Structures are given as structure tokens and as C-alpha cells.
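Participant: Turn this into a structure:
(2 chains)
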Amino acid sequence: MTLDWKLGGVLLGVVFFAAVLLVKPIGVSTQFVILDGIVADAVNPDFITQTEDGYTSTNAYMAKSSGKYAKSAANPLNYSFIFVLAMAAGAALSAFSRGGVGRAEKRLPQIWEANFGDTPWKRYAVAFLGGFVVLYGARLAGGCTSGHMMSGMMQTALSGYIFAAGAFAAAIPTAMMMYKEG
Amino acid sequence: MEILLAIVIGVAFGAVLDRIGATNPNVISGMLTLRRIKLMKTILLAIGTGSILMFGGQMLGLVDVGHMSVKAAYIGVFIGGLMLGAGWAASGFCPGTGVCAAATGRRDALFFIAGGLLGAAAYMATYPAWKASGLLNDIAGGKVTLGSVPGASYDGIFAVSGDILGIVLGLVFVLVAFVLPDNLTGQKRPAELPAE
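Facilitator: Numbers count the residues shown, from 1 in each chain, chains lettered A, B, ... in the order given. Below you'll find the model as predicted:
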């Protein structure tokens, strides 16, 4: 069950507003870096180290901005990381309460099947490569659809508009070439 | 307290993303092929609503301007945007909706997350090269908003009231959301995917 777009749009806008009102603008993609940092530090305890005035890392990206990311990875019970876990829980609860995603759809989205037939492993490979490019791009840009496009444009940030221009300039032709059916 | 807010706002965000169809790659692909752009209307309305509430609240002194967080503008924002756009269209997921879709049981979304973790790690490893290239250097003032927001620590590009401009742009987003048709391709297509 999908909400009427008017109700859905107002609800989504209220959530983005509530985040700014109560804490700070919503963002997601940084937490992929934080989880990578948590894993890297578990494998190699020297990856993140505590200094006199905070945290640092052997990785220049984790150590940038006075070790802001290193600190978050060393203390995963922080607002932004818990936010993303809660977001996943919220989506799961919502999907469950509307009867769940169908078994066939979980295995392979309809639009993939309409264009490429019953080829789930091809789909998983594209999803994996897509994820790689999406997160590499999001980190290069300094934010994703949530942080740059939604939170950024809502605050009239110039960077949000630059990001949205780039994202749609690539997304629309790519989608049109790949998904002619469905 | 902050952790409690993270849980409440996070759960609400994930639930709304699911209920507007954003966790469904069929809906994302429908939007990006311009064949079914209801979700685009939803997003535009959300940006407009958020903007009007935030800037209106700031003008009335009900919203702390210090909670704004504006990201820097640099050439890499555009390049990264292009990359994200290509991957978004191919997979039907962006970082937030990919995590949410995996939570709803979609198997392909798990592969998206795995690829994403590797992509983020690859950026961490190659960050020094980007830094050295100069493509991460601020352009147009870096962390700037379009208008000058009173009390904010960010400069405005235009010497107009950032609050009022924010509300006006918010209204424009809402208006565009309402006037856009459901399909931008000009072809007659079924409104929804046929049932299996």
C-alpha cells in the first residue's frame, strides 16, 4: 500500500523538518564509512587510535576534520549511526504491517524481470556494482540523496542543487537505456 | 536523549520511505525513466514542505538556526552526483533506500549494501588523490546558501533574505509538485506495472 503522494510528501517533509528542529539535517551515506571504520578497527586495532584531544586514524579520510569520523567509528552508539539502524527498523516495521514484500519480488524486482528475464544473479551483480558506484560517488560528493538533495535543497544550499543536477543528469539517461520495459 | 531522538526520527523516516514507495526499485526506475513520476512529486512536495516549515520556524524564532548544516560546494560534488545518479538508476537504490529495502527483505538490496561498503572503502583509500587534485576545493564560497539567512554561520550568494527566499523556493517546489503530470514521456503507458 503506497500512500497518496500528497500525504506522503507532507509526511516526508515533516520528518526532514523534525530532524532539523530537534537535532540536525538527515544524512545516511557517511554511515557506510563509519561501518567500514568499525570493521577495519576490529580487524586491525591500530586503525583508529585515541589522541590527547580526540581520535585519529591511519586512514586520511577517517582522520580528516580532526578525526570526526574516527570518533564516530570508535563510538558507534552515536546519533547518526543509531539513526540509520532505526531507519532500517522503521522500514521493516512498515513493510511488515502492510503485509510484506512478496516472495518473488524479494528474489527479483518485477521491472528487472520485464527487461532482462529471470536472471537473479545478473541482478545481484548489478545491484552490487551499483552500490559500489553510488557510495563512491556519495562520499566524493560529501552526501547522498538524503543529505545533499533533500536536506541540502531544503536549506537552499548551493551544493544541494549542484548535486541534484549531477545525479539526475546521469540517472535519467541510464534508467532510460537500461529499463525500456515495465 | 539524542539516542532516543535518533530512534524516533529514524523509525519515522524509514517507515515513510517505505510507504511512499521509495524502498521499491520498480518505483525508483519508473521515476528515473520519467514514466511514473509520482515519487518525484512526493519528493518535491517534501522538500518544499520541509523548507517552508524550517525557514518559517526560523523567522518566528521557533527553530534554532544553529541546527542548519550546509555542505560545501566543490567540483567533486557534481562528479560524485553523476556517479551516484548512474548507480542509483542501474540498481534502483540510493544509500538510505537501499538499507531500507534490505530491511524489507529484498535480496538484491543486500548486494547493494555490500557493494556500497566496498565503494565507501575504495573512496577512503583513494581520498588523498582526490584531495591533491584540487577537485575538493571550495567553489563559489563553499558552504553557502542561495540567500543570506539571518543568524546562520553560512554566507549567502545573493543579498536577499535567506528566510524569505527559502519560503518562496519552498512554495515553488510545492507548486511544481502539483503541476507535474504523472508521466513525463508523452507516451500512453499503464499507470502501474501490471499485476503478475
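
Participant: and the end-to-end length of stretch B:14-23?
Facilitator: Terminal residues of stretch B:14-23 lie 9 Å apart, using Cα to Cα, to the nearest Å.

Participant: starting at the chain centroid, how far to it?
Facilitator: How far stretch B:14-23 lies from its chain's middle: 14 Å, per Cα atoms, centre = their mean, to the nearest Å.

Participant: What of stretch A:23-32?
Facilitator: 8 Å.

Participant: With stretch A:61-81 instead?
Facilitator: The answer for stretch A:61-81 is 17 Å, by Cα atoms, centre = their mean.

Participant: what's the answer for stretch A:161-168, then?
Facilitator: Put simply, stretch A:161-168 sits 16 Å off its chain's centre (Cα atoms, centre = their mean).

Participant: touching chain B at all, it?
Facilitator: Yes: using Cβ under 8 Å from any Cβ of the partner chain, we find that stretch A:161-168 touches chain B at A:Ile162, A:Phe163, A:Ala164, A:Ala165, A:Gly166, A:Ala167, A:Phe168. Using the backbone N, CA and C atoms, a C-beta is placed for each residue, glycine as well.

Participant: What distance do you get for the residue located most distally from the centre of chain A to chain B?
Facilitator: Largest separation from the mean C-alpha position in chain A: A:Glu52, at 32.2 Å (Cα atoms, centre = their mean). Computed with Cβ to the nearest Cβ, to the nearest Å, the distance linking A:Glu52 and chain B is 24 Å.

Participant: So which residues of chain A form strands?
Facilitator: For chain A, the strands defined by DSSP state E cover A:48-51, A:54-57.

Participant: residues near the closest residue to A:Phe17 other than its chain neighbours, how many?
Facilitator: The shortest distance from A:Phe17 to any non-neighbouring residue, by Cβ to Cβ, 6 or more residues apart in numbering or on different chains, is to B:Leu53 (4.1 Å). Applying other Cβ atoms under 10 Å in any protein chain shown, we find 23 residues neighbouring B:Leu53.

Participant: surely B:Leu53 meets A:Val15?
Facilitator: No: the criterion here is Cβ atoms under 8 Å, and B:Leu53 misses it with A:Val15 at 10.8 Å.

Participant: how distant is stretch A:35-50 from the center of its chain?
Facilitator: 21 Å.

Participant: Averaged pLDDT, it. What do you get?
Facilitator: Per-residue pLDDT values across stretch A:35-50 average out to 97.

Participant: Straight-line length of that stretch, end to end?
Facilitator: Separation of the first and last residues of stretch A:35-50 by Cα to Cα is 18 Å.

Participant: list the buried ones in the helix of greatest length in chain B?
Facilitator: Criterion DSSP state H: the longest helix present in chain B is helix B:107-133. Buried positions in helix B:107-133, judged by neighbour count with 16 or more other Cβ atoms under 10 Å in any protein chain shown: B:107-124, B:127, B:130.

Participant: got it, and stretch B:130-145?
Facilitator: By 16+ other Cβ under 10 Å, the buried positions in stretch B:130-145 come out as B:Trp130, B:Leu135, B:Leu136, B:Ile139, B:Gly142, B:Lys143, B:Val144, B:Thr145.

Participant: and that stretch, average pLDDT?
Facilitator: Averaged over stretch B:130-145, pLDDT sits at 97.

Participant: List the contacts of it.
Facilitator: Contacts to stretch B:130-145, defined as Cβ atoms under 8 Å, 6 or more residues apart in numbering or on different chains, come from residues A:60, A:140, A:155-159, B:70-76, B:79, B:152, B:154-157, B:162.

Participant: Mark which of those residues are buried, thanks.
Facilitator: A:140, A:155-159, B:70-76, B:79, B:152, B:154, B:156-157, B:162.

Participant: Could you pull up the residues touching B:Leu39?
Facilitator: A:Trp5, B:Ile20, B:Gly21, B:Ala22, B:Val27, B:Ile28, B:Gly30, B:Met31.

Participant: Great, nothing more from me.
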